[in-house]
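[1] Sequence first, then the predicted structure, then my questions.
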Amino acid sequence: MDNDGDVAGQRRSAWCARLGAHIAELQSQLNRIKALGPAPADAEVVAKADVQLEAARQALSDRHRLKKRVVGVYADAALANVHEAEVGILRLLPAGELGWQGSRILTHARLHLAPDDQCLVNLQAALERNGNLLTPDLRDLAVSTLHAANQAEEAERARVRSFGQIVAASVVMMTVIAAALTVWGFLVTGVAEKFCFNPPEGKVCPIGDSAQGGDLLLVQFIGALAAALAGAVSLRKIQGTSGPYHIAVLLLVLRLPVGALSAALGLLLLSGEFLPGLSNLDTEAQIVAWAAGFGILQETVTRAVDRQGQLVLDNVRGPARGFEP
């Protein structure tokens with residue numbers, strides 16, 4: 001599990017480094033354009049691109065803030081500004097520097113646009129007729145295609161960020177519920193009584209033969225522990241992403257409160273004779289063992305969330321991915 005965290009951290013650092021290098025390259029292009037003396041009509045575009053690149057750098061510098069780091073807000077803000085700067089610089093590039101820009105834009109568009117997207121189809125046909133060279137008369141078409149591809153990529157990443165926010169909110173809510181249940185058990189003895197059993201030999205609780213708040217704490221801790229172990233095994237199926245998102249970590253953390261609540265709810269079902277033949281547990285060890293079992297059973301719920309998380313991650317396409325629709 002630590003190795004998975006290290007790999008994820010390395011991927012995020014590499015992504016930030018790549019984006020930082022790309023920002024530096026765009027800034028050098030923009031500086032060269034300013035040195036050439038752009039037309040007065042282009043002065044506003046130059047100034048806007050400068051502001052966007054600075055905003056992208058600022059967003060990357062915010063990546064150490066916990067909230068922005070967990071849900072990847074800084075990454076989306078940086079990428080959106082870089083995309084707009086790219087479009088502005090493409091509008092400003094001298095005719096002699098357009099050349100092979102068409103191939104780069106076409107590759108990017110193939111990754112993020114549908115194969116029948118009209119901008120993509122038109123640009124591909126125009127470049128094929130033009131020997132794969134981008135000429136000034138195709139600039140507007142290239143700008144439209146690049147802008148559409150950038151927006152599609154941002155939408156892909158926004159879905160990942162939205163999914164991460166939903167999982168993070170679920171972690172908080174489940175943790176609050178589990179903590180509230182534990183506190184309730186300490187304050188009201190009758191709540192802890194619900195987790196005790198009455199075999200012929202006498203009353204049995206998770207801790208000793210009398211109900212106490214520690215019973216609920218032990219049950220939920222064992223459930224969370226079992227869920228963590230089951231989650232560590234399930235992580236072998238999570239491929240992660242090259243982007244700066246913590247989806248795999250959030251999915252693992254989600255298991256802890258879900259496992260705690262699953263253990264508590266499962267023992268309530270047993271205590272309430274919901275499952276015939278399992279109404280009375282004879283020893284403290286049996287109660288704890290059943291709590292662990294119910295903690296592991298939360299995998300039936302969280303596994304479906306894992307699949308959705310991997311589906312969302314797979315939808316973010318990069319250069320290493322094929323041109324699948």
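    Yes, it's here.

[2] could you measure the residue positioned nearest the centre of the chain against D50, distance?
    Residue closest to the average C-alpha location in the chain (C-alpha atoms, centre = their mean): I247, at 3.6 Å. In this structure, I247 and D50 are 34 Å apart, going by C-beta to C-beta, to the nearest Å. In this view, the C-beta of every residue, glycine as well, is placed from N, C-alpha and C.

[3] shouldn't the residue nearest to the centre of the chain be in contact with V160?
    Yes - taking contact to mean C-beta atoms under 8 Å, the distance of 6.8 Å between I247 and V160 places them in contact.

[4] which residues in this protein form helices?
    2-36, 43-61, 66-71, 73-92, 101-112, 118-129, 139-187, 189-193, 213-234, 247-271, 284-297, 299-314 (DSSP state H).

[5] and those helices, which is most packed in?
    Taking mean count of other C-beta atoms under 10 Å as the contact definition, the stretch among these with the greatest mean neighbour count is helix 247-271, which reaches a mean of 23.

[6] Report all helices and strands that that helix contacts.
    Under the contact definition 3 or more C-beta pairs under 8 Å, 6 or more residues apart in numbering; DSSP states H and E, helix 247-271 sits against helix 2-36, helix 139-187, helix 213-234, helix 284-297, helix 299-314.

[7] pLDDT of that helix, averaged?
    This predicted structure assigns helix 247-271 an average pLDDT of 89.

[8] Same check on stretch 26-33?
    Within the predicted structure, the mean pLDDT of stretch 26-33 is 90.

[9] hmm, which helix or strand of the protein has the shakiest average pLDDT?
    For the chain, counting by mean pLDDT, DSSP states H and E, helix 66-71 ranks last in confidence among helices and strands (a mean of 52).

[10] For the stretch 101-250 of the chain, give me the ranges with low pLDDT.
    Flagging of the stretch 101-250 of the chain using pLDDT under 70 yields the residue ranges 235-244.

[11] how about 80 then?
    Of all residues in the stretch 101-250 of the chain, those with pLDDT under 80 make up the ranges 200-202, 208, 233-246.

[12] circling back to that earlier point, tell me the spacing between the residue nearest to the residue nearest to the centre of the chain when sequence neighbours are not counted and N315.
    Nearest non-adjacent residue to I247, counting by C-beta to C-beta, 6 or more residues apart in numbering: G309, 4.9 Å away. Using C-beta to C-beta, one obtains 11 Å as the distance from G309 to N315.

[13] Next: R161.
    12 Å.

[14] Kindly report the same for Q308.
    Shown here: Q308 relative to N315, a distance of 11 Å by C-beta to C-beta.

[15] got a list of what F186 touches?
    Shown here is F186, whose contacts under the criterion C-beta atoms under 8 Å, 6 or more residues apart in numbering are G213, L216, L217.

[16] next one: L30
    Neighbour list for L30: V46, A49, D50, L53, A85, I89, L92 [criterion: C-beta under 8 Å, 6+ apart].

[17] now L79
    By C-beta under 8 Å, 6+ apart, L79 lies in contact with L19, A56, E153, E154, R157.

[18] One more: A158?
    With contact set as C-beta under 8 Å, 6+ apart, A158 has these partners: D76.

[19] contact partners of stretch 94-112?
    Counting by C-beta under 8 Å, 6+ apart, stretch 94-112 makes contact with 33, 36, 90, 93, 117, 119-120, 123-124, 127, 130, 132-136, 138-139, 142, 145-146, 148-150, 152-153, 156, 317-319, 321, 323, all of which sit outside it.

[20] isn't A232 right up against V249?
    No - shown here, A232 and V249 do not form a contact pair, counting by C-beta under 8 Å, at 12.0 Å.
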